Each structure stands twice: as C-alpha cells, then as structure tokens.
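Peer 1: Next one to model:
(one chain, ligands or ions: 1)
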Amino acid sequence: MVQFVTHERTRTRSGVRCEGLVRIFKTAEIEVVALQGLDLHVDPGEIITVVGASGSGKSTLLNVLGGLDEPTAGTAVVGSHDLMRMSGAERNEFRRDVVGFVWQQTSRNLQPYLDARRNVEFPLAIAGVSRRTRRIRAEQLLELVGLIDRADHRPSELSGGEQQRVAIAVALANDPQLLLADEPTGELDVATAIEVFGVLRRVNEELGVTAVIVTHDPLVSQQVDRTVSIRDGRISSEIVREGAGLDASRVIAREFSVLDSAGRLQLPEHYLAALDLQRRVRLELEPDHVGVWRDVETDEAAWAKPEEHDQGGLS
Ligand SMILES: Nc1ncnc2c1ncn2[C@@H]1O[C@H](COP(=O)(O)OP(=O)(O)OP(=O)(O)O)[C@@H](O)[C@H]1O
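Peer 2: Okay, here's the model as predicted:
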C-alpha cells in the first residue's frame, strides 16, 4: 500500500447514489432526454465499468457525476456532496478536490510542454501545495503507475499507453474520492488497453478510490466485478462477476436487471431476441421468482388477423 504524504486532509472513501436522474438538453428546435430517470449505486471503494451504445448517455452521466454538468431532476450524490444543490463556487471546489478525470484524448489530460513529473505536480501547485510535498507526491504516483523512470519525459516522448498512465497519476494528484474515466483506453491497441486498465484497477485497490469507467471495449469492461449497461438514458442491466481479472474461463458472471422504484425493469436485448418477446409478455408469480413468457394468445391473434385478411383477399 502506497502511503501518501497527506498535506491538509485525510481522505474518506465516497460512494455514488443516483436516483431517477434526468438530464434534458434543450436547443431552439429540439429537446434531448439524455438521462431518463437513471438509478445507480456505487459502493465506496468500488470500481465499475459503464457500457452502452453510442448516444445512450454514458458521457452525460460522467459529466454530471464530475460536476461538469447540472442534472435537470432526480438525485445525484457523491459522498456527502449533493450535486443538485451546489452553488457555482461549491461545484468548482467539488471538481478540484473531490473528483479526478481521465479522458480519452491524451491532449485533454496532459500539458504538452511539461514533463510527466511536472504534469502530476501541476494540479497540486494550483491547489497551493508546497513544492516539497508536490515533488514527493508526484514521485509516489508515478511509481504507482509504473513510470518513475519516465518522470523527465514530456508527453510527446511517451507512448499512448504511457501518456494515459501519467494521466491517471495526474487525476489522482489531489487525492480524489472519485475517479471518473471516459473511454481512457479508446485510442490504444488491445494489449496496451488491458495494461492501462490494469493500472486503473491497481490504483483502485491500493488507494481505495471509487472508480467509474466508461468503455466501449468488452475486453476492458470484463476486468472488473461489476459492469452496468446504459440503454436510452437508464441503467438497463448489470453483470456481476466473481474472479474478474482472472483468465476468462475462471470468471463466473451473472446478469441482473435493475428494478426502479416504480417496479419497471428492462430485459436485456439478447433475451428479447432469443425468445422473440415483443410488446406484451405473460408474467407468472412463483414462490421464489417471476416467470416471463411470450404471450402466445396475443401472438396467435396477431397471426390470425393477416390470415383472415388473406383468406378474405383470396375469396
Ligand atoms: N450538449 C448537448 N446538447 C444537446 N444534446 C446533447 C448534448 N450532449 C449530449 N447530447 C445528446 O444526449 C444523448 C446522450 O449523449 P452522450 O454523449 O451522453 O452519449 P454517450 O453514450 O456518451 O455516446 P458516445 O458513446 O457516442 O460518446 C445523445 O443523444 C446526445 O446527442
């Protein structure tokens, strides 16, 4: 376990709680409901991945959790910080002190004219941390991400994977309670992506920082114990794994659907396709589970009508 030099505060781990979270974007002509009553709980110290089709609301969720965007309605709480009830000044402070970001584009993560060490020191200098503490902390973090021997290199002298590892160290400089990463491995080849993701897992384990990571990459998303899927601005299902990070044959994965406070749940798309479930399904309450069947009567009625029509057409 890396022991940080604590400069002014002792960190507590923070969880995330979103309930009925709504974010509507309004432009002159249209209204886009990017988050449509999203429910998500992340335990303090947990690491999760968020997956979903393009436009499903992943980045919007991350921006809300990071205090970069204001929710329209619902609940969004990080630790003791209520994101619905923050003044502008509190939001700035929240962004600086409570969350750390890693973006897909390395140019957004790093200052191109500073070497790796100074990049990590940069947010600490802005926070007014002393030069000596900055130096020690930067070295600890570069050690943690396995890049202490590259401390004097500028981003242009580092590979894409190394740049993202420095970006992780920068995001952790202010000792955040929540680490948010939006497609951090999106520009990397598979082997490098898995390596960088391994660093995210390591910092989660060693520092206990809660982490929410958006990714398109199934190989990357499988590396953690819980993956949530967003569909149409809501969490549609969760996959919980035992043994994540081990070789795939030893991982036990179970799929869950999220039940909202109104009792609604979404069935995963591949379940709908496998059983050809459409429009209306038959439910049966059993002592320990609920059964969902194709509504054969409706199906038959739907088939009967065209037949009658056809027959009518033939006669
Ligand atoms: N600033 C904005 N103004 C208007 N609409 C927006 C804005 N930001 C996002 N949207 C819309 O909200 C929806 C969700 O977008 P979001 O970027 O969160 O999706 P995403 O899942 O991150 O997609 P991708 O994987 O392509 O990055 C989309 O329909 C998008 O067009």
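
Peer 1: In this protein, where is pLDDT below threshold?
Peer 2: Applying pLDDT under 70 to the chain flags residues 1-12, 243-252, 298-315.

Peer 1: mind giving me the domain split of it?
Peer 2: 44-64+87-257, 276-314 (automatic domain parsing).

Peer 1: Take these and lay them out in CSV including mean neighbour count.
Peer 2: Just so you know, the C-beta spots here come from the backbone N, C-alpha and C atoms, and that holds for glycine as well. Listed next are those as CSV, based on neighbours: other CB atoms under 10 Å:
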stretch, mean neighbour count
domain 44-64+87-257, 19
domain 276-314, 10
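
Peer 1: where does the stretch 1-150 of the chain come near the ligand, residue by residue?
Peer 2: Within reach of the ligand by CB under 6 Å from any ligand atom, the stretch 1-150 of the chain has these residues: Phe25, Val32, Ala34, Gly52, Ser54, Gly55, Ser56, Gly57, Lys58, Ser59, Thr60.

Peer 1: Now the two most distant members of those.
Peer 2: Phe25 and Gly52 (17.1 Å; CB to CB).

Peer 1: Do me a favour and get the end-to-end distance for stretch 40-51?
Peer 2: Distance across stretch 40-51, first residue to last, is 13 Å (CA to CA, to the nearest Å).

Peer 1: so how far is that stretch off the chain centroid?
Peer 2: 7 Å (CA atoms, centre = their mean, to the nearest Å).

Peer 1: what's in contact with that stretch?
Peer 2: 12-18, 21, 58, 61-62, 79, 200-201, 204, 208-216, 218, 220-221, 223-230, 235 (CB atoms under 8 Å, 6 or more residues apart in numbering).

Peer 1: Kindly check the end-to-end length of stretch 180-190 for me.
Peer 2: With CA to CA applied, stretch 180-190 spans 21 Å between its terminal residues.

Peer 1: Give me the residues contacting that stretch.
Peer 2: Identification of contacts with stretch 180-190 by CB under 8 Å, 6+ apart yields 58-59, 62, 65-66, 99-106, 160-161, 164, 167-168, 171, 192-193, 196-197, 200, 211-217, 219-220.
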